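Below are the sequence and a predicted model for it; my questions follow.
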Amino acid sequence: MIKNTYIMVRSIWASLVCLLMVFIDEVSLQETVEGFIGSSAVLPCHSGNKRLQAITAHWRYKDVKNVYDILDGKGSVKEQDSAFKSRAATFPVEYMKGNFSLSLGNLRQTDAGTYCCFIPDVGHHQCTELQIKERPRGLQEQDKPSSRSNGVEAKAEKIVSLLIPFFSITILSCI
């Protein structure tokens, strides 16, 4: 009886850990990046595929406005919405690594919203929510938080700190 209860508890813990991992994966599908008015922010877009045949990616704001296009490995602003003129750029040396991240400069309050990156060659779609804040008084140019501190790394640290107790309990239940 005790052995069956022990096996059942272990099974429940394993199921909860798996469920938590699925939930975390779903939550991490959309990034949130914070930026300050007048500064810049980098919106992530990684295909995960390092062997792309034709390098084409499209950045859209709220699925309506054209922010930036990458056509056959070259940036294109031909059909760019005027709200993003001279403020949007990508990193061409990173294209071959599957990195199509977008840098948006001179941020305005009206820039807040959802930006999506589409990579048609691999069927990839990644969205980022850009939040715009006023710069706190006393925050100097050199004290600006980097986009990394508000993005993937910060979320990963939070997730890991939440998972450590779960994994510890799971390991202890296996002993």
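Great, that's in hand.

so where's the protein shaky on pLDDT?
Residues of the chain meeting the criterion pLDDT under 70: 1-29, 49-53, 138-175.

Which parts of it are strands?
Counting by DSSP state E, the chain has strands at residues 30-36, 41-43, 57-61, 65-71, 74-76, 88-90, 102-104, 113-119, 124-133.

List of residues touching the fifth one?
Strand 74-76 is contacted from outside by 68, 69, 70, 89, 90, 92, using Cβ atoms under 8 Å, 6 or more residues apart in numbering. The way it works is simple: take the backbone N, C-alpha and C, and place the C-beta from them, glycine included.

buried subset of the residues you listed?
Buried residues within the contacts of strand 74-76, counting neighbours by 16 or more other Cβ atoms under 10 Å: 68, 69, 70, 89, 90.

now, among those residues, which is nearest to residue 55?
Nearest to residue 55 among the buried ones among the contacts of strand 74-76: residue 70, at 6.3 Å, using Cβ to Cβ.

Quick check: bridge partners of that closest one?
For residue 70, the beta-bridge partners are residue 57, residue 75 (DSSP bridges).

Can you give me the separation between it and residue 97?
The spacing between residue 70 and residue 97, counted by Cβ to Cβ, to the nearest Å, is 13 Å.

so what's residue 67 up against?
Residue 67 is in contact with 59, 60, 61, 80, 81, 84, 88, 102, 104, 115, counting by Cβ under 8 Å, 6+ apart.

what sits against the nearest residue to it once chain neighbours are set aside?
Spatial nearest neighbour of residue 67, excluding adjacent residues (Cβ to Cβ, 6 or more residues apart in numbering): residue 59 at 4.1 Å. Contacts for residue 59 (Cβ under 8 Å, 6+ apart) come out as 43, 45, 66-69, 88, 100, 102, 115-118.

switch the cut-off to 10 Å
If you count contacts by Cβ atoms under 10 Å, 6 or more residues apart in numbering, residue 59 has them with 43, 45, 65-70, 80, 84, 88, 90, 100-102, 104, 115-118, 128.

Kindly report the same for residue 113.
61, 62, 64, 65, 128, 129, 130, 131, 132.

Can you verify my assumption that residue 91 contacts residue 42?
Yes: Residue 91 lies in contact with residue 42 (Cβ atoms under 10 Å); the separation is 8.8 Å.
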